[in-house]
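In: I'll drop the sequence and a predicted model, then ask my questions.
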Amino acid sequence: MRFIADAMLGRLARWLRFLGFDTLYYPDISDGRLIRIAREQDRFILTRDTRLVKRKGLNNYLLINANNSFKQLFQVLDTLKIRRFKPLSRCVACNGQLSQISDKTEVKDLVPEYVFLHYKVFFRCNDCGKIYWEGSHPRKFKEKLVDILKKE
C-alpha cells in the first residue's frame, strides 16, 4: 500500500516509512497537488483536513482523528487492517529505499564510534545516503507494536 500524507501528518509519514510503507509527504503541499499526485501514483490519502475529504470525486482517503502520531499510526493500521511490515526498508527522512551495507567499514566515519563498534548491520538510503542501524529504538518500537496488535 502506498500513501501520501497531508501537510499536518509529517510524524505519521515518518512512522509509516519506518514500517516500510512508501509514504510521500510534502510539508507545504496544496490540496489540489496532493490529490493529483494521489491519483497519478495510485496512493491512499491520509489527511486531517475535513474540507479536503468533502471534495467531490475523492475516493481513497482516511480522515485521521487523533493528535498523537502514535495513535494516528494505529488508526491507519487498524482501519486498513494492515498487519505486515518491512521495518528498515525505507528512509524515514526522504522515503528512499534502504540497502544493506555489505562491509561495515564503509560506514566507519559516518556513524558514531560506539555505534560502529557495537552494531554489525547497517543500511544506507539509496536516495539521500542517510545511514541506519537496528539499535534499541526500532527494537522497542517493534515490541510495542506487536504487543498492541495482539490486544486487538
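Out: Nice, thanks for sending it over.

In: got a list of what the residue nearest the centre of the chain touches?
Out: If you average the C-alpha coordinates of the chain and look for the closest C-alpha using Cα atoms, centre = their mean, you land on residue 17, 1.8 Å from that point. The contact partners of residue 17, taken as Cβ atoms under 8 Å, 6 or more residues apart in numbering, are 23, 90-92, 95. The C-beta positions use only the backbone N, C-alpha and C, and glycine is treated the same way.

In: Which two among these are spaced furthest apart?
Out: When the contacts of residue 17 are compared pair by pair using Cβ to Cβ, the two farthest from each other are 23 and 91, 10.7 Å apart.

In: Can you pick out the residue with more neighbours from those two?
Out: Set side by side, residue 23 and residue 91 show more neighbours around residue 23, with 26 against 22, by other Cβ atoms under 10 Å.

In: And the strands in this structure?
Out: Listed in chain order, the strands of the chain (DSSP state E) span 3-5, 23-25, 44-47, 61-63, 98-100, 122-125, 131-133.

In: Among the contacts of residue 17, which are located in helices?
Out: When these are checked against helices using DSSP state H, none is located there.

In: so where's this structure shaky on pLDDT?
Out: 136-139, 145-152 (pLDDT under 70).

In: at 80 what do you get?
Out: 56-57, 135-152 (pLDDT under 80).

In: Tell me how it divides into domains.
Out: The record assigns the chain these domain ranges, following automatic domain parsing: 3-79, 98-151.

In: Nearest to residue 86 among these would be which one?
Out: Each of the domains of the chain has some distance to residue 86 by Cβ to Cβ; the shortest is domain 3-79, at 3.1 Å.

In: end-to-end on that closest one?
Out: Using Cα to Cα, to the nearest Å, the gap from the first to the last residue of domain 3-79 comes to 14 Å.
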